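Participant: no sequence for this one, just the structure:
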């Protein structure tokens, strides 16, 4: 039985596993008890991690994402040490960055930095987050001009996720929801603005 390994919202690079390579959820896996399942995972753990490193080294980023997520899934079940999980999250983040999927990259970077502080990764995160937030904010304005209010909301929310000062985003979100007739959510965002100002 084949299964999608990449458990992520990104529409891209959600790939089916190769048979007998990263197929972690076979009938054997399902039927085994917890101890047996963990033993089964241990057999796969090292090969999957090694494939993550090799695919990253040869700049096969789509492949690297697939194997790093497979390794992360195993690690969650086997309680991998933070260092090992950090390595897998970082590999996925680097791959998303190089493929131009910046939103996905930032989400994974957050997880990597939550596990372990890394000066170089943190510096890249701050720089990338700042550029992304400004770009999303500009796209939100562009959508308002074109009367695409729902699209504008999506971009303002994304921008808000990676900004330190969020007053501008909250004001725009309040205005957008008000235009859609959703006064309750509009008031919620307006309240966030007034609370920060006071």
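Facilitator: Okay, I see it. Bear in mind the structure is a predicted one, so any value in this text is a computation, not a measurement.
Participant: Residue 80 belongs to a strand?
Facilitator: No: going by DSSP: H, G, I helix; E, B strand; the rest coil, the assignment for residue 80 is coil, not a strand.
Participant: In terms of pLDDT, where does it sit?
Facilitator: The model reports residue 80 with a pLDDT of 82.
Participant: Quick check: phi and psi on it?
Facilitator: Main-chain torsions, residue 80, degrees, to the nearest 10: phi -60, psi 150.
Participant: what kind of secondary structure is residue 62 in?
Facilitator: With three-state DSSP as the basis, residue 62 sits in helix.
Participant: Count the residues that sit near it.
Facilitator: Per other C-beta atoms under 10 Å, the neighbour tally for residue 62 reads 13. The C-beta positions use only the backbone N, C-alpha and C, and glycine is treated the same way.
Participant: does it really touch residue 98, like I thought?
Facilitator: No: counting by C-beta atoms under 8 Å, residue 62 stays clear of residue 98, with 10.0 Å between them.
Participant: so where do the helices sit in the protein?
Facilitator: Assigned by DSSP state H, the chain shows helices spanning 27-31, 34-57, 61-78, 82-99, 102-115, 119-145, 149-161, 167-179, 183-197.
Participant: what's the least confident stretch among those?
Facilitator: Within these, confidence is poorest for helix 27-31, with a mean of 40 (mean pLDDT).
Participant: any idea which residue sits dead centre in this structure?
Facilitator: residue 107 (3.5 Å; C-alpha atoms, centre = their mean).
Participant: The nearest residue to residue 84 once chain neighbours are set aside and residue 115, how far apart?
Facilitator: Closest residue in space to residue 84, ignoring its immediate chain neighbours: residue 75 at 6.4 Å, by C-beta to C-beta, 6 or more residues apart in numbering. To residue 115, residue 75 is 11 Å away according to C-beta to C-beta, to the nearest Å.
Participant: Alright, that wraps it up for me.
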